[in-house]
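S.K.: coords please:
(chains A and B)
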Amino acid sequence: MNLKMDTKSVDGVAVVHCSGRIVFGDEASFLRSKLKEILAANKKIVLDLSDVSYIDSGGLGTLVGSYSTARSAGADIKLSGLGQRVRDVLQITKLVTVFEVYDSEQKALAAFH
Amino acid sequence: MAVAPISNPGGESGPGAFPSLVLVQGSEQRTLPLIHSPFSVGRKIDKDLVIADPRVSRDHAQIISENGSYWVVDQGSKHGTYVNGQRVERHKLERNDLVEFGARGGAYVIFNPIHPGSNTAREFLSQISGLNISTDTTDLEKLTMFLEAARKLNTTGVLDEILVTLVETTLKLTRAERGYVFLKAEDGSLELAAGLNSKGERLTNDQTFSNSILQEALSSASEFLVTDTSQSLDLAGRQSIVAYDLRTVICIPLRKYVVQTARPAQGSGEPANAGCEIIGALYVDSRFASRDISSVSHDILRAIATEASQLIENARLVQAEEAARRYQQELAIASSMQQSLMEVHIPEVPFARMSGRNLSCKEIGGDFYDATSTEDHFAVVVADVCGKGVSAALLASTLQGMVYSHLVAQLPLDEIVAAVNRFFTQKHLGEKYATVVIARISRKGELEYVNCGHVPPLLVSQQAVSRPQNGNLPVGLLPEASYEAARIQLRPGDRFIIVTDGVTEAENARGDFYDNDRLEEVVARSSGLEEIFTSVANFCGGTPLNDDCTVVELVYTG
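M.R.: Sure, this is the predicted structure:
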């Protein structure tokens, strides 16, 4: 398992710091279940991906799936701190137009207020 | 070639407890039971199986039985013995093995086939009961023989027949009037699985048996329960016993034996059968008017109790195995269909040519490409379906079919991908989606293409490489996605190259990606796909690919 997720709460927003790789399999399942768990308690989430080195197609599917689930439940997930690899993937797939993407955790948090 | 009938030295009856050989010769086939060991095969007339073919040696081979398994042993034959096409000296036989002696392609035998024609369990068992057993064989021995033989059966739907025969045998052994087998359903309730009276007539669940005794037997820890109602005032009052004049009831709980790693300590107070799960019950009874069965030997009841459970378990295993085998077969068919569907037939048109290559790193890959043409257009689709295995293959086939039919209908590309996206998102396939590029060249050199989530294609025009930036969301991810196609006017000799991310993300030992710069560089100086793949392979060194690599090149020839 190559994904770690640490959650903290900042002014009512759940900030989830991910590090490692988001790939098809255990990592993607972990991301899915963790986000589901957080969504049950909090409608505002910042997903900080600054330490995510790689995301594959399966991981991307999970990310979009969780995002859609959140939106339909009236919640919001903002992304922050994309590394080059993740940014490229979101660019190629045009998913940057779907997600709200911020340079840093602070900017993402500020957007909630 | 003539085959002499099998000699029958012992005079025992036909097939049954022994595995069989099915001899196939042209359109004829015959079943030969392996009634003794060694079972000899050869051209000589004294062999158990005589094959009158000059390529078969006089003493050709033997089939011998050792510790429950069967071996074919070549006896130094001139032309050899073959099992499933492989020449063997000594080979352990598995069910359905095809054995040939000397002549390949002539007569052959199949060892103990899974579907031995009409040799059903019932027939099998009737043959057993017809066996000439010496008079001093006890009932218990007969039962054990029967159970042993029945266990060797491997026929579908065997459970039902086993159960009926089990009741039949139990009725014979106990001389009771009626017998039932109940099996525990998934919800824990007992369901009637087979019922039979001593005349051999099937009984249904008419609720005339004693349910209370059944329940009592199940909750008790004993191996069986014999109840003589005339001896017990308490029982005599029970409803069914009174209503149906039941006199004696024998109820045997059927337990699945669970192997225990450690024996429970003596006197620990645990019931004797703590490690056993109840899978059902065998119940026989007789009425007042008829004979008393309470004196049936407890040895027999004990034997039935243990053997019957094992028998049912085995029959269930056989059924599960058969189901799994069928499932495997279905999967194999699906896989070969998938491969045929994914086979690319490149249409020939005078104004364009295409070449494509796919390097798959898993059995069923996520990448595919396909080409189709109409009178004035040539179109190619390259897709990378998320995930691997059967689910990815299903998605790929559906995607391919939808795109193909829309291309033939000459719809605009943005409408095609929008339709596919709608279809996939409406079906709620979870997180399954695909990245797709569709490119279509017209006779006049107009290129229309739509890129949904792929790395940008490469356009090579007079040695200059560019990356047209049309980009859209993948298909199947978001229902509200909208798509835009792009158009480029090509000149004769222009090349349009589509790659999947397996190419740009191919890694070397240091973990570097092959990436776009190297790709553009090799594409600029190359004239075909081979050079691109060679370049990727050189870059990776020995590092295996972790994703499929597909490259498709479309050239407008004018």
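
S.K.: mind listing the helices for the chain?
M.R.: Picking chain A for this. Remark: helices assigned in chain A by DSSP state H are A:26-41, A:57-72, A:84-92, A:105-112.

S.K.: if you could check chain B rather than the one you did, that'd help
M.R.: With DSSP H, the ranges of helices along chain B come out as B:121-129, B:139-151, B:158-174, B:211-219, B:233-236, B:239-243, B:298-342, B:389-408, B:413-426, B:501-504, B:515-525, B:529-540.

S.K.: between those, which gets nearest to residue B:483?
M.R.: Nearest to residue B:483 among the helices of chain B is helix B:413-426 (4.5 Å), distances taken as Cβ to Cβ. (C-beta placed from N, C-alpha, C; glycine too.)

S.K.: Contact residues of chain B facing chain A?
M.R.: Among all residues of chain B, those adjacent to chain A (criterion: Cβ under 8 Å from any Cβ of the partner chain) are B:366, B:384, B:386-388, B:430-433, B:435, B:453-456, B:471-474, B:477-478, B:501, B:547.

S.K.: If any of the residues you listed are buried, give me the PyMOL selection for them.
M.R.: Here is the PyMOL command that selects only those of the residues of chain B next to chain A that count as buried (16 or more other Cβ atoms under 10 Å in any protein chain shown):
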select buried, chain B and resi 366+384+386+387+388+431+432+433+435+453+454+455+456+471+472+473+474+477+478+501+547
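
S.K.: Out of the residues of chain B next to chain A, list just those in strands.
M.R.: Members of the residues of chain B next to chain A lying in strands (criterion: DSSP state E): B:384, B:435.

S.K.: on that earlier part again, distance to residue B:392, mean pLDDT and mean neighbour count added to the helices of chain A, as TSV?
M.R.: Below are the helices of chain A laid out as TSV (distance: least, Cβ to Cβ, whole Å; pLDDT from 0 to 100; neighbours: other Cβ atoms under 10 Å in any protein chain shown):
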stretch	distance to residue B:392	mean pLDDT	mean neighbour count
helix A:26-41	15	91	17
helix A:57-72	10	88	21
helix A:84-92	19	89	18
helix A:105-112	34	92	16
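
S.K.: Dump those to a markdown table, plus distance to chain B.
M.R.: Formatted as a markdown table, the helices of chain A follow (distance: least, Cβ to the nearest Cβ, whole Å):
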| stretch | distance to chain B |
| --- | --- |
| helix A:26-41 | 8 |
| helix A:57-72 | 3 |
| helix A:84-92 | 6 |
| helix A:105-112 | 21 |
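
S.K.: can you redo those helices as a markdown table with distance to residue A:18?
M.R.: Output for the helices of chain A, formatted as a markdown table (distance: least, Cβ to Cβ, whole Å):
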| stretch | distance to residue A:18 |
| --- | --- |
| helix A:26-41 | 7 |
| helix A:57-72 | 10 |
| helix A:84-92 | 10 |
| helix A:105-112 | 12 |
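
S.K.: can you list the helices of chain B in TSV and add distance to residue A:21 and mean pLDDT?
M.R.: Formatted as TSV, these follow (distance: least, Cβ to Cβ, whole Å; pLDDT from 0 to 100):
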stretch	distance to residue A:21	mean pLDDT
helix B:121-129	54	48
helix B:139-151	51	57
helix B:158-174	48	78
helix B:211-219	53	81
helix B:233-236	69	56
helix B:239-243	66	65
helix B:298-342	29	76
helix B:389-408	20	86
helix B:413-426	26	93
helix B:501-504	15	88
helix B:515-525	18	91
helix B:529-540	19	91
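
S.K.: Between the ones you listed, which shows the greatest average number of neighbours?
M.R.: helix B:501-504 (a mean of 24; mean count of other Cβ atoms under 10 Å in any protein chain shown).

S.K.: So what touches that one?
M.R.: Residues outside helix B:501-504 that contact it (Cβ atoms under 8 Å, 6 or more residues apart in numbering or on different chains): A:57, A:92, B:359, B:361, B:367, B:384, B:435, B:454-455, B:513-516, B:519, B:532, B:536, B:545, B:547-551.

S.K.: do the same with stretch A:36-51
M.R.: With Cβ under 8 Å, 6+ apart as the criterion, stretch A:36-51 contacts A:7, A:9-10, A:12-20, A:35, A:66, A:69-70, A:73-83, A:86, A:105, A:108-109, A:112.

S.K.: out of those residues, which are buried?
M.R.: A:13-18, A:20, A:35, A:66, A:70, A:75-82, A:86, A:105, A:108-109.

S.K.: dump the residue contacts of the closest residue to residue A:96 other than its chain neighbours.
M.R.: Spatial nearest neighbour of residue A:96, excluding adjacent residues (Cβ to Cβ, 6 or more residues apart in numbering or on different chains): residue A:90 at 4.6 Å. By Cβ under 8 Å, 6+ apart, the residues touching residue A:90 are A:82, A:96, A:99, A:101.

S.K.: Just give me the closest of those residues to residue B:219.
M.R.: So of these, ranked by how close each gets to residue B:219 (Cβ to Cβ), first place is residue A:99, at 60.3 Å.

S.K.: and that closest one, what pLDDT?
M.R.: Reading off the confidence values, residue A:99 has pLDDT 92.

S.K.: now the residue nearest to it when sequence neighbours are not counted: how far from residue A:33?
M.R.: Counting by Cβ to Cβ, 6+ apart, residue A:99 lies nearest to residue A:79, which is 5.0 Å off, once chain neighbours are set aside. Going from residue A:79 to residue A:33 by Cβ to Cβ, to the nearest Å gives 19 Å.

S.K.: now residue A:76
M.R.: Separation of residue A:76 from residue A:33 (Cβ to Cβ) stands at 19 Å.

S.K.: mind checking how far stretch B:46-53 is from the chain centre?
M.R.: 37 Å (Cα atoms, centre = their mean, to the nearest Å).

S.K.: okay, how far is it across that stretch, tip to tip?
M.R.: 15 Å (Cα to Cα, to the nearest Å).

S.K.: List the buried residues in that stretch.
M.R.: Buried residues in stretch B:46-53 (16+ other Cβ under 10 Å): B:47-51, B:53.

S.K.: wait, which of those residues is closest to chain A?
M.R.: residue B:49 (54.1 Å; Cβ to the nearest Cβ).

S.K.: what number of residues lie near residue B:60?
M.R.: 27 (other Cβ atoms under 10 Å in any protein chain shown).

S.K.: For residue B:419, which residues are in contact?
M.R.: With Cβ under 8 Å, 6+ apart, residue B:419 has these contacts: B:402, B:406, B:411.

S.K.: and the gap between the first one and chain A?
M.R.: Between residue B:402 and chain A the distance is 19 Å, computed by Cβ to the nearest Cβ, to the nearest Å.

S.K.: Could you find the closest non-adjacent residue to that residue?
M.R.: residue B:420 (5.1 Å).

S.K.: how far away is residue B:198 from residue B:483?
M.R.: Distance from residue B:198 to residue B:483, by Cβ to Cβ: 75 Å.

S.K.: returning to what we had before: I'd like to know which of the helices of chain A is closest to residue B:34.
M.R.: Nearest of those to residue B:34, taken as Cβ to Cβ: helix A:26-41 at 50.5 Å.

S.K.: Dump the closest one to CSV, restricted to CA.
M.R.: Provided in CSV are the C-alpha atoms of helix A:26-41 (Å, rounded to 0.1, in the frame of the first residue of the first chain):
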residue,chain,number,x,y,z
ASP,A,26,-5.7,-0.9,-2.6
GLU,A,27,-4.7,2.7,-2.9
ALA,A,28,-7.7,3.7,-4.9
SER,A,29,-10.0,1.7,-2.6
PHE,A,30,-8.4,3.4,0.4
LEU,A,31,-9.0,6.9,-1.1
ARG,A,32,-12.6,6.0,-1.9
SER,A,33,-13.5,4.7,1.6
LYS,A,34,-11.6,7.4,3.4
LEU,A,35,-13.3,10.2,1.5
LYS,A,36,-16.7,8.5,2.0
GLU,A,37,-16.0,8.4,5.8
ILE,A,38,-15.0,12.0,5.9
LEU,A,39,-18.0,13.1,3.7
ALA,A,40,-20.4,11.5,6.3
ALA,A,41,-19.2,14.1,8.8
